[in-house]
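Asker: Here is the input, now give the coordinates:
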Amino acid sequence: MVALLASATLVARAQTHAPFTQAQADNGARVYMQHCMYCHGQLLGGRDGVPPLIGPAFRKEFSSAKTIFDFVKVAMPASNPGVLTEQQYLNVTAYILSKNGELPGNKPLTLSVLGETKRR
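Answerer: Numbers count the residues shown, from 1 in each chain. Below you'll find the model as predicted:
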């Protein structure tokens, strides 16, 4: 019974409230490795005073896909903010969501849904 409850809780926590596809997260991983990994680390854990992009503190501060996207789009990469395309920023957002326990679905993350979705 305890294992069943724990399993149900894990599934409930991992259900996405921001649609994205696995392909988006995979593409976001490639963009992340090229433009973000140097500062935020390979596992998104941060380093040398750069904050992590995973964990409870991150999820508390960036509680929706929109807050993640908006910040990343205007501030990242720190050396050249705004250099990526909107699709690359959406894909990186999907990757960050996936690394924070969100599950991909069959609908992509788009600009039109960003304001309508919340993460737990």
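
Asker: where does this protein have low pLDDT?
Answerer: Scanning the chain for pLDDT under 70 picks out 1-17, 116-120.

Asker: Work out which residue lies at the spatial centre of it.
Answerer: residue 96 (2.2 Å; Cα atoms, centre = their mean).

Asker: Could you say which helix or strand holds that residue?
Answerer: Here residue 96 sits within helix 86-99, counting by DSSP states H and E.

Asker: Just the CA coordinates for that helix, please, in PDB.
Answerer: Output in PDB follows, covering the C-alpha atoms of helix 86-99 (Å, rounded to 0.1, in the frame of the first residue of the first chain):
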ATOM      1  CA  GLU A  86      12.500  31.800 -29.900                       C
ATOM      2  CA  GLN A  87      12.300  28.100 -30.800                       C
ATOM      3  CA  GLN A  88      15.700  27.500 -29.100                       C
ATOM      4  CA  TYR A  89      14.500  29.200 -26.000                       C
ATOM      5  CA  LEU A  90      11.300  27.100 -26.000                       C
ATOM      6  CA  ASN A  91      13.400  24.000 -26.400                       C
ATOM      7  CA  VAL A  92      15.700  24.900 -23.600                       C
ATOM      8  CA  THR A  93      12.700  25.600 -21.400                       C
ATOM      9  CA  ALA A  94      11.300  22.200 -22.300                       C
ATOM     10  CA  TYR A  95      14.700  20.600 -21.400                       C
ATOM     11  CA  ILE A  96      14.800  22.400 -18.000                       C
ATOM     12  CA  LEU A  97      11.200  21.300 -17.300                       C
ATOM     13  CA  SER A  98      12.100  17.700 -18.100                       C
ATOM     14  CA  LYS A  99      15.100  17.800 -15.800                       C
END
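
Asker: just checking, next helix/strand downstream of it?
Answerer: Next element after helix 86-99 (DSSP H and E): helix 111-114.

Asker: Can you name every helix or strand that that following helix contacts?
Answerer: Taking 3 or more Cβ pairs under 8 Å, 6 or more residues apart in numbering; DSSP states H and E as contact, the helices and strands that helix 111-114 lies on are helix 65-75. Every residue, glycine included, has its C-beta placed from N, CA and C.

Asker: Give me the helices and strands touching the helix it packs on, please.
Answerer: Judged by 3+ Cβ pairs under 8 Å, 6+ apart, helix 65-75 is in contact with helix 86-99, helix 111-114.
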